[in-house]
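J.: what follows is a predicted structure for the sequence shown.
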Amino acid sequence: MSDPLNPFDAVRDIRPDQAHGDEPSDPWLLARERDRLLSFVEKTPLQPRPAWRPPAIYPRLGYRDERAAIEFLCRAFGFRERVEARLEYDTGVLAWLEHRDGVVMVGRVNHDVHHLHSPAETGAATCMLNVAVDDIDTHHDRALAAGAEITVGLSDTFYGERRYEARDPEGNLWHFAQPRPATTEARP
């Protein structure tokens with residue numbers, strides 16, 4: 001019960017996750033501040049993160065089980081969810097997953113409004129998502145250990161990258177690649 005003579009009691013009664021100010025929260029600002037706080041707590045250098053908004057173009061993928069997809073994409077492919085940006089609805093979740101400066105939006109299939117389908121429903125993927133990674137061999141091993149279906153094994157291309165391709169549990173296609181140094185011989 002709040003004491004009307006103590007102005008701080010009213011503030012103590014408000015749950016921070018339920019309090020909404022006049023301005024909507026900026027999830028990108030919240031993520032930067034989270035990184036700053038963790039850097040201070042863990043006594044590690046703050047990794048610079050540009051103050052950016054979502055890119056001008058980004059894919060939104062529809063999944064029948066978007067919660068499982070979010071967990072899988074983070075665990076198998078190393079994406080990081082912007083938890084501050086997650087939107088919870090009665091019908092599902094909408095989440096932003098990031099890798100470097102790239103973003104993918106993951107949500108529930110939506111047949112009525114957005115006409116989004118999962119490849120698991122249609123039997124075919126309609127696009128492939130291309131992702132640049134720093135250590136392709138380690139990335140491949142992580143994805144394989146997490147249960148990703150590898151559709152094209154690790155290989156070096158004539159155009160200068162080492163890559164592999166995988167399918168997520170609902171059938172979306174992913175192409176992961178790392179540039180090869182110009183002086184490195186092609187590996188089988």
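T.: Structure's in. What do you need?
J.: helix/strand/coil for Lys140?
T.: Just to correct that, residue 140 is His rather than Lys. Three-state assignment for His140 (DSSP: H, G, I helix; E, B strand; the rest coil): helix.
J.: ok, it - contacts?
T.: Shown in contact with His140 (Cβ atoms under 8 Å, 6 or more residues apart in numbering): Ile150, Leu154, Tyr164, Phe176. For the C-beta atoms, the positions are set from N, CA and C on the backbone; glycine is no exception.
J.: most neighbours among these, which one?
T.: In terms of neighbours by other Cβ atoms under 10 Å, the contacts of His140 top out with Phe176 at 25 neighbours.
J.: distance of it from Arg86?
T.: 25 Å (Cβ to Cβ, to the nearest Å).
J.: what about the helices in the protein?
T.: Ranges of helices within the chain are 7-12, 27-42, 66-77, 119-122, 136-145, based on DSSP state H.
J.: closest one to Pro55 among those helices?
T.: Pro55 sits nearest to helix 27-42 of all the helices of the chain, at 11.8 Å, using Cβ to Cβ.
J.: what about that closest one, average pLDDT?
T.: On average, the pLDDT along helix 27-42 is 77.
J.: same check on stretch 124-141?
T.: For stretch 124-141, mean pLDDT is 95.
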